[in-house]
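Undergrad: Below: sequence and its predicted model.
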Amino acid sequence: MTVDASPSDAFIGADPRVNGPGRRVAVLFERGRKGEAALREASEASSAGGELTVVTLAPQAQPGGFLRCRVGLPEYNCAVREEADDELRQARELLGSVAHRAAFQVLVERRDPPLVAWVAEQLFDLVILPARRIRPRGHPLARALRRAHAAEIRVIG
């Protein structure tokens, strides 16, 4: 397990005592080993009676974008939303007996708020993200969430 914590953002939360009752935990789930590791971490962090929300993203193409003539824009966007739904089904299966206490949400681009705004609206205490390739300044989504919120942000994978 790796954790992305920039020097200015100390990693807190490794101590299981902070995973107490009432803690609101969100995890961004993506298929793959890192997404599964993030899901496991979120399940453990919310295990002491906290709330767990699993979220996936469905980016949507715009007219005039990279799609030209082979695939229609509505069909492409529909396929992306279906893939996000499939990711949530996989997350539900991976959670097993814990899935009944979790909420599942797809955030569709331009229909729903962006993840950073959504996290703020939902008042999460902890947000867990799957790791990306190492970048000089860390995980871009984690940086945006840290700038915008008081929630603890963990990058796992």
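TA: Arrived safely, thanks for sending.

Undergrad: C-alpha only now, for contacts and for neighbours.
TA: Will do.

Undergrad: Compute the mean per-residue pLDDT across the longest helix seen in the chain, please.
TA: When the chain is parsed with DSSP state H, its longest helix is helix 73-95. Helix 73-95 carries an average pLDDT of 95.

Undergrad: Give me the distance from the helix or strand hosting Arg154 to the chain's centre.
TA: Using DSSP states H and E, Arg154 sits in strand 152-156. Centroid separation for strand 152-156 versus its chain: 10 Å, with CA atoms, centre = their mean, to the nearest Å.

Undergrad: Quick check: buried residues in that strand?
TA: In terms of neighbour count (16 or more other CA atoms under 10 Å), strand 152-156 has its buried residues at Glu152, Ile153, Arg154, Val155, Ile156.

Undergrad: circling back: in the longest helix of the chain, which residues are buried?
TA: Leu73, Asn77, Val80, Arg81, Ala84, Asp85, Glu87, Leu88, Gln90, Ala91, Arg92, Leu95.

Undergrad: Wait, Pro114 touches Leu107, no?
TA: Yes - counting by CA atoms under 8 Å, Leu107 is a contact partner of Pro114 at 7.3 Å.
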